[in-house]
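>>> Prediction below, plus the sequence it came from.
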Amino acid sequence: MNNNFKKIFTRLLVVIGVILVGFYLSRNANLYTNPNDGNKKTQREKIILSITEKKGEGFNKYKLTSKGDENVIVIPYKEKFNLQEWYGGIMVIQNYQSGSPRVLWEIKSEAFKDIPQKLEVRDINNDGNNEILSWWSAGARLDANILWIFTWTGNNFTDMTPLIYQDKKVKDEDANIPKFYESIFSGREVDVKDLNSDGVNEILVTNLIPTKVDSSQPYTSSILESMKIVKIYKWNGHEYYLWKEEKLKPNDPNP
């Protein structure tokens, strides 16, 4: 009797689970865009259409160089096609005032998953070309920030973010596939500022490192003491390199 009851109960739970999943998917179907549905536009298409209709009015505009005359629109976006296929991206759009805007440059990646938490366009290394600075959260770790930098080269934007695996051995097939989450500029805080007022910005990456942990409980542990590590990266004319590292108390202000 007990075995029969268990079987019936198990089947009932499975049926309820299937019903709940179906309800969830149908309820959220309108949140996603089917790229094969000609009646629906992707978020990317909607943004371009809006820029076309408004001729750029209401969108943030930036110059590509410190001496340039042309303004461009730099705008992030996010696509959700289904529960598994979704990504974030950034577009640089020119000729927006003509009513026929052109995507000058674009990057999109499933690793982004969302729009950046913060986006800036400015010249951080004083070379006359503007950089796109984009801060992203590291997935479920909302306390972790990743800085990704793209610089204008005269006809395109190129990635200038140092990667962690550049100093490691990697498989040949992975060598030319930069991974968004392997930016060296990843930490609890990532700041870009000119520390010595020379016109060239440094990049500060801050993390908290446990120095004393209570492991008295068999399955849990708590941090009793920690240290703040601030890595400061400096521009040498070609790339950002680790200039120095400072150890501070958790509540001490950053440099």
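Nice, I can see it. Numbers count the residues shown, from 1 in each chain.

>>> helix or strand right after the helix or strand of the chain with the lowest mean pLDDT?
Lowest by mean pLDDT, DSSP states H and E among the helices and strands of the chain is helix 2-27, with a mean of 55. Sequence order places helix 43-54 as the next helix or strand after helix 2-27, per DSSP states H and E.

>>> Could you point out the helix or strand that follows that next one?
Where DSSP H and E defines the elements, the next helix or strand beyond helix 43-54 is strand 61-63.

>>> what's the spacing between stretch 86-100 and its chain's center?
Centroid separation for stretch 86-100 versus its chain: 18 Å, with CA atoms, centre = their mean, to the nearest Å.

>>> Show me which parts of it are buried, residue by residue.
86, 87, 88, 89, 90, 91, 92, 93, 94, 96 (16 or more other CB atoms under 10 Å). For every residue, glycine as well, the C-beta is placed using N, CA and C.

>>> Can you check the pLDDT for the closest residue to the last one other than its chain neighbours?
Distances taken as CB to CB, 6 or more residues apart in numbering put residue 56 closest to residue 96, at 3.6 Å, once the chain neighbours are dropped. At residue 56, the predicted lDDT confidence score is 93.

>>> and residue 56, what does it touch?
Residue 56 makes contact with 73, 96, 97, 101, according to CB atoms under 8 Å, 6 or more residues apart in numbering.

>>> What is the most widely separated pair among the residues you listed?
73 and 97 (10.3 Å; CB to CB).

>>> Do I have it right that residue 79 meets residue 109?
No - using CB atoms under 8 Å as the test, residue 79 is too far from residue 109 to be in contact (11.1 Å).

>>> Would you quantify the distance from the nearest residue to residue 61 once chain neighbours are set aside to residue 158?
Leaving aside its sequence neighbours, residue 61 sits nearest to residue 71 (CB to CB, 6+ apart; 4.1 Å). Here residue 71 is placed at a distance of 21 Å from residue 158 (CB to CB, to the nearest Å).

>>> Between the two, which has more neighbouring residues?
residue 71 (15 against 10; other CB atoms under 10 Å).

>>> Could you double-check that the more buried one sits in contact with residue 63?
Yes - assessed by CB under 8 Å, residue 71 is found in contact with residue 63 at 6.1 Å.

>>> Which pLDDT value belongs to residue 75?
So, for residue 75, pLDDT stands at 95.

>>> ok, residues contacting stretch 199-216?
Outside stretch 199-216, the residues that reach it (CB under 8 Å, 6+ apart) are 124-126, 147, 184-196, 221-235, 240, 243, 250, 254-255.

>>> if you set the cut-off to 6 Å instead, what comes out?
Outside of stretch 199-216, the residues within contact range by CB atoms under 6 Å, 6 or more residues apart in numbering are 124-126, 185, 187-195, 221-235, 240.

>>> and the helix or strand hosting residue 103, which strands flank it?
Here residue 103, judged by DSSP H and E, is contained in strand 102-109. Within its sheet, and counting by DSSP bridges, strand 102-109 is paired with strand 86-94 (antiparallel).

>>> residue ranges with poor pLDDT in the stretch 101-250 of the chain?
Across the stretch 101-250 of the chain, the ranges flagged by pLDDT under 70 are 110-113, 138-143, 165-181, 218-221, 224.

>>> Now with 80, please.
109-114, 137-144, 163-182, 210-225 (pLDDT under 80).
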